Every structure is written in structure tokens, then in C-alpha cells.
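Colleague: output the structure for:
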Amino acid sequence: MRKDLAVEIYNEAVLNASEKLFEANGYESTSIDDIARCTGISRSTLYVYFDSKQTIWDSIVCRYMEQILDDAKKAAESDGSFEERYYKLCFDIADKFEKHPLFCKGTLGKISVDTDKELYKKIYDIGEQTNEEIAKFIRSGIEEGIVRKEIDIYPAVIMMWSSISGIISMANDKEEYIKLRFKMTKEEYLKKAFKMLLDGAL
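Modeller: Residues are numbered from 1 along each chain as shown. Presented below is the predicted three-dimensional model:
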């Protein structure tokens, strides 16, 4: 038990240091040697726990996926109207993208589906749990009469997630253009876009 705790603490230290390096320098410009120096351990010891830089990256992405799963659970199970919970979900995700754009975009990128490896099985399972929570959330909207009864729920889950994340990514990438062209703050644009999604797609 003590050994497992030590491994967990060690892994967290490596992931925390790696995250800072990735966000400061980007994935390509960060090396295993950089991570080893930052954590104060040898390259060979690092490889005992993580077999590649990609595995470290994917482990950090996994942590963000766990946070998004928590957001989806809150949307599905919290008190309040469907619309209140919908906007909270959208803006909670937007806040994560704002603070950690590199890794939040990583949750949208290609991730291995090699479920023979424990990490990728965990990522797959988290993704499936998130889909189920969003499906539960959409069903609650149907019960409230906000979401159309005839909606095909599981395609709607993927559409909803891709639309919300796409809106947020666009707002972050085009913030200056939105201010110049539409005379709107990023928050104003997000609220309008989230409302259009709610009104038009669901």
C-alpha cells in the first residue's frame, strides 16, 4: 500500500512538471530530458514509470477528461433548470479551455483506442461515462420540455460535445476578430453562441 502511494505521488509530480513544460514550450519542443531535469530524476528512472513522452501527454489529457466527466455529472445530476445547468456546463468547459488550452484541445485530438493498455482503457472508459452523463442530461431536458422528444440521443451527445468545444475553441482563437467585427466580448459571444446551439440544435 505504501509503495502504491509512493508511485502515485511520483506520477503526479512528473505529470505536474510535464504539464508546465508542455504549456510553456509546446509538446514538440519539450523533451524527456527536459522533464527529467525539471523533476530532478534521471531519464532512465523516468522511463520506469512512463514509456514515452506521448504517454505522459496522454496521462495529462486523461486528467482533463476526468474533470470534464465531473462537469457532465454535475450537469446531469445538479438542481436547477435544464437551461441553467446547460450554461453552467458550457462555461465550466470554457473556463478549462481558457486556463489550459493546450491540454483541453488535447481532449479533442486523436487518442489511441488500444484498450489493451491500462491508460487507454481508462481514457476510453472515461469517454463512455461522459457520453452517458451527457445523455442523461439531454433526457432531463426532454422531461422538462426543453429538448425535442424525437431527438436521437447518442448522436446528439457527440453533436453537443463537438459543438460546445468548437464554439469555445473558435472564441479563444478569434477573440480579437470577434471584438473588432462584432463588437462583442468573448463572454458575450460565447453566451450568444451557446444560446443559438440550445435553440437551434436541441
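
Colleague: same for the helix of greatest length in the chain, what does it pack against?
Modeller: Ordering each helix of the chain by length in residues (DSSP state H) puts helix 118-144 first. Packed against helix 118-144, as judged by 3 or more CB pairs under 8 Å, 6 or more residues apart in numbering; DSSP states H and E, are the following elements: helix 53-77, helix 82-99, helix 153-173. (C-beta placed from N, C-alpha, C; glycine too.)

Colleague: tell me which of those sits nearest to residue 108.
Modeller: Nearest to residue 108 among those is helix 153-173; the distance by CB to CB comes to 5.6 Å.

Colleague: and the next helix or strand after the closest one, what's its mean pLDDT?
Modeller: Note on helix 153-173: by DSSP states H and E, the next helix or strand toward the C-terminus is helix 175-182. Helix 175-182 carries an average pLDDT of 94.

Colleague: may I see the buried residues of helix 175-182?
Modeller: Along helix 175-182, the positions that meet the burial threshold by neighbour count (16 or more other CB atoms under 10 Å) are residue 178.

Colleague: what angle sits between it and helix 153-173?
Modeller: Following axes from the mean of the first three to the mean of the last three CA atoms, to 10 degrees, one obtains 90 degrees for the angle between helix 175-182 and helix 153-173.

Colleague: quick one: helix 175-182 to chain centroid distance?
Modeller: 25 Å (CA atoms, centre = their mean, to the nearest Å).

Colleague: just the residues contacting whichever helix or strand comes after that helix, thanks.
Modeller: Tracing the chain past helix 175-182, the next element assigned as helix or strand by DSSP H and E is helix 186-201. Surrounding helix 186-201, the residues in contact under the criterion CB atoms under 8 Å, 6 or more residues apart in numbering are 83, 86-87, 90-91, 94, 146, 156, 159-160, 163-164, 167-168, 171-172, 175, 178-179, 182, 184.

Colleague: pLDDT weak spots in the chain?
Modeller: Low-confidence segments of the chain, defined by pLDDT under 70, are located at 1-6, 112-116, 201-202.
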